[in-house]
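Asker: Take a look and give me a structure for this.
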Amino acid sequence: MKIVKVIYTTKPEYAEQNQKNIKNVMTDLQKANHPGINYNACLSADGKTFIHTAFFKSEEDHKLLNELPSFKHFQEQLKSGGLEVPPKQELLTLVASSTTIFNS
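Answerer: From the prediction side, this is the model:
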């Protein structure tokens with residue numbers, strides 16, 4: 001399993017568009033119903049700092065997300081002028097979970 005956390009801050013005027021782009025990615029992931037990806041995005045109380053947490057069953061699952069057209073669009077728009085604080089990526093290790101994330 002691979003767990004990736006990414007935190008970044010958008011420009012205030014870009015936060016709403018970023019949320020729309022994230023929702024498009026999530027819609028595509030829900031339609032794909034891919035069992036090896038568990039991806040969440042949250043917005044901080046400041047209304048412009050985003051925290052993404054993605055659980056991937058395998059490296060191939062991570063590649064599937066990166067190749068998704070809506071995810072590429074989300075990344076391109078964010079990089080082209082929506083950032084106030086650049087993304088910081090961190091790899092995590094799961095200690096425990098209240099639910100089963102992936103069935104073996």
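
Asker: all contacts plus neighbour counts: C-alpha atoms, from now on.
Answerer: Fine.

Asker: Any idea what the residue nearest the centre of the chain is bridged to?
Answerer: By C-alpha atoms, centre = their mean, the mean C-alpha position of the chain lies nearest to residue 52, the distance being 4.2 Å. With DSSP bridges as the criterion, residue 52 is bridged to residue 6, residue 41.

Asker: can you pull the contacts of it?
Answerer: Neighbour list for residue 52: 4-7, 39-42 [criterion: C-alpha atoms under 8 Å, 6 or more residues apart in numbering].

Asker: What subset of those is buried?
Answerer: Among the contacts of residue 52, those buried by neighbour count (16 or more other C-alpha atoms under 10 Å) are 4-7, 39, 41.

Asker: okay, among those residues, which ones form the most distant pair?
Answerer: Pairwise distances across the buried ones among the contacts of residue 52 (C-alpha to C-alpha) peak at 13.7 Å, for the pair 7 and 39.
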